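# Sequence unavailable; structure follows:
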Ligand SMILES: [Zn+2]
């Protein structure tokens, strides 16, 4: 999935999640929604690794798969979120506790979308299993494809149209009631 789809998915997911917290001020909700929408891109910063190593982010799975890095492991973010949550609990800061939940929800949204929009998704059960869970978009069979080839292949697939649809839904919601 492209950053646009991740941003749209996280925006919708965090907007719904924040409804659970009634005692947040409008300003806090705005801050958390903005934070959650953008922090969802964090796992994909690991794409700098293949970009620097292979000169492309589109590599065949057995050459390199960024979903096998800790940056795409739910377990890693669960630990991080728990640390932030515990800090909030110790300091009796409710906002920090909700912040940790929003952080986790944003990453969860990223990994869910990665599972649906590419045929090898994240290692959901890592460190207990290194199996990738994902389906729908078949990655090109060649050893390495250029960024352009990879993108063109994705653009011609129906999941790309689903991504556009997701973006349009988020855009409609944003125009009607942004926060
Ligand atoms: Zn990703």
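Yep, that arrived. Everything numeric here is computed off the predicted structure, so don't read it as measured data.
# Contacts for the helix or strand in which residue 170 is found, please.
Secondary structure assignment for residue 170, by DSSP states H and E: helix 158-176. Here helix 158-176 makes contact (Cβ atoms under 8 Å, 6 or more residues apart in numbering) with 1-2, 4-5, 7-9, 11-12, 15, 116-117, 136-137, 154. C-beta coordinates here come from the backbone N, C-alpha and C atoms, glycine included.
# Narrow the residues you listed to those that are buried.
For the contacts of helix 158-176, a burial check counting by 16 or more other Cβ atoms under 10 Å picks out 1-2, 5, 7-9, 11-12, 15, 116-117, 137, 154.
# Looking at the residues you listed, spot the one nearest the ion.
Distances from the ion to these, taken as Cβ to the ion, are shortest for residue 1 (7.0 Å).
# is the helix of greatest length in the chain up against the ion anywhere?
Longest helix in the chain, counting residues (DSSP state H): helix 94-117. Yes: residues of helix 94-117 contacting the ion under Cβ under 5 Å from the ion: residue 114.
# Can you list the buried residues in that helix?
Buried residues in helix 94-117, counted by 16+ other Cβ under 10 Å: 96-117.
# What residues does residue 78 make contact with?
Contacts for residue 78 (Cβ under 8 Å, 6+ apart) come out as residue 104.
# near the ion at all, the host helix or strand of it?
According to DSSP H and E, residue 78 maps onto helix 74-90. No: counting by Cβ under 5 Å from the ion, the ion is not contacted by helix 74-90; separation bottoms out at 11.8 Å.
# what angle sits between that helix and helix 94-117?
Angle of helix 74-90 versus helix 94-117, following axes from the mean of the first three to the mean of the last three Cα atoms, to 10 degrees, is 170 degrees.
# Could you give me the buried positions within helix 74-90?
Result for helix 74-90 [16+ other Cβ under 10 Å]: buried residues 74, 76, 77, 81, 84, 85, 88.
# Once you drop chain neighbours, what's closest to the second one?
To tie it back to what came earlier, the one meant is residue 76. For residue 76, ignoring the flanking residues on the chain, the nearest one in space by Cβ to Cβ, 6 or more residues apart in numbering is residue 70 at 4.9 Å.
# can you give me the angle the worst-scoring helix or strand of the chain on mean pLDDT makes with helix 158-176?
For the chain, using mean pLDDT, DSSP states H and E, the weakest element among its helices and strands is helix 147-155, scoring a mean of 76. Going by the same axes, to 10 degrees, helix 147-155 is angled at 80 degrees with respect to helix 158-176.
# excluding its backbone neighbours, what's nearest the residue sitting nearest the centre point of the chain?
By Cα atoms, centre = their mean, the chain has its centre lying nearest to residue 110, at 1.8 Å. Leaving aside its sequence neighbours, residue 110 sits nearest to residue 40 (Cβ to Cβ, 6+ apart; 4.7 Å).
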